[in-house]
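**Student:** sequence-free structure coming up:
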């Protein structure tokens, strides 16, 4: 492997043992990992566990696998885990965002650490109560027992959406808000409300809905048929709700975006499967998972905890938004 990577055997050992930082350049470390993948290298985890007293296994807890977002988070985390000689177990909590049960007889005896994505801190007591290092993804960095936190700039995504719609001239907006009591959804609701409030003649209403297409359809129908002036834009907390909103508009004989604009959040594959394609906020899910796994590896290596990490998000403008209809 040293020959394939063009480095010394000592460098290979440092990289594969995850002890290379400060001793091997990033370029050489990347070359070793690339050679390892090409040669099909797999570390002897059993021998390493006996030597280090560790399992070299981490757990990724997610609330569900109902969309590809969490699958992409896992893909990113698993890539970094594999490059560092770790195994990664995916655990979709049967209770959703509620209290997660320990999936093992003793997590402490089975795992080195836990990464939790979009879970409430108090839902993880059974796991971090075992004394395991915990990294939280998509969680309030000011209120967590986690050793490290990694977030997406969800609030900025909501602000980008508001600026886009307000800039097109929309002044009557309805927020199809996820009926989920979690920090991330409260954060985007507050950011959206603040952005709309900053424009004197703009108004924002809210319709709560579970995260399903059918719920999005019913919430959008209620918003579009409520007494008073009809909203010209529906701001949805995810792409699934947005798909339901587009169905509701069509069933009412309304055109998207000529009569009503619709926005989503996540940029799932669904966003380009509907017609018109959705304007939505793209979340870098794979990099999100990768950053979480890097943070856990740093914690396990005893490196000083980094400041909370926030990854940027991007509004992708497509065909579901346009200027509001003229009065």
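**Tutor:** On my side now, so go ahead. No experiment lies behind these values; they were computed from the predicted model shown. Numbering: from 1, shown residues only.
**Student:** Going by C-alpha atoms from here, please, whenever you check contacts or count neighbours.
**Tutor:** Noted.
**Student:** need the strands for the stretch 101-250 of the chain, in chain order.
**Tutor:** 113-117, 134-137, 148-152, 172-178, 203-209, 233-236 (DSSP state E, counting those that start in this stretch).
**Student:** Would you reformat these as TSV and include distance to residue 299?
**Tutor:** Output for the strands of the stretch 101-250 of the chain, formatted as TSV (distance: least, Cα to Cα, whole Å):
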stretch	distance to residue 299
strand 113-117	9
strand 134-137	9
strand 148-152	8
strand 172-178	33
strand 203-209	38
strand 233-236	36
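**Student:** ok, then the element right after the least confident helix or strand in the chain by mean pLDDT?
**Tutor:** Least confident helix or strand of the chain, by mean pLDDT, DSSP states H and E, is helix 45-52 with a mean of 40. Once the chain leaves helix 45-52, the next helix or strand it forms, by DSSP states H and E, is strand 57-62.
**Student:** Mind checking the strands of the stretch 101-250 of the chain for the one nearest to residue 92?
**Tutor:** strand 113-117 (10.0 Å; Cα to Cα).
**Student:** Quick one: list the elements packing against the closest one.
**Tutor:** strand 57-62, strand 134-137, helix 285-300 (3 or more Cα pairs under 8 Å, 6 or more residues apart in numbering; DSSP states H and E).
**Student:** Sheet-wise, list the partners of it with their directions.
**Tutor:** strand 57-62 (parallel), strand 134-137 (parallel) (DSSP bridges).
**Student:** Need the mean per-residue confidence for that strand.
**Tutor:** Averaging pLDDT along strand 113-117 yields 88.
**Student:** So what touches that strand?
**Tutor:** 57-63, 127-128, 132-139, 292-293, 296, 300 (Cα atoms under 8 Å, 6 or more residues apart in numbering).
**Student:** Likewise for stretch 154-164?
**Tutor:** By Cα under 8 Å, 6+ apart, stretch 154-164 touches 184, 187-192, 195-196, 235, 263, 280-281, 313-315.
**Student:** Only whichever of those are buried, select them in PyMOL.
**Tutor:** Restricted to buried positions by 16 or more other Cα atoms under 10 Å, the PyMOL selection for the contacts of stretch 154-164 reads:
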select buried, resi 184+187+188+189+191+192+195+196+235+263+280+281+313+314+315
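**Student:** That's all I had, so thanks and see you.
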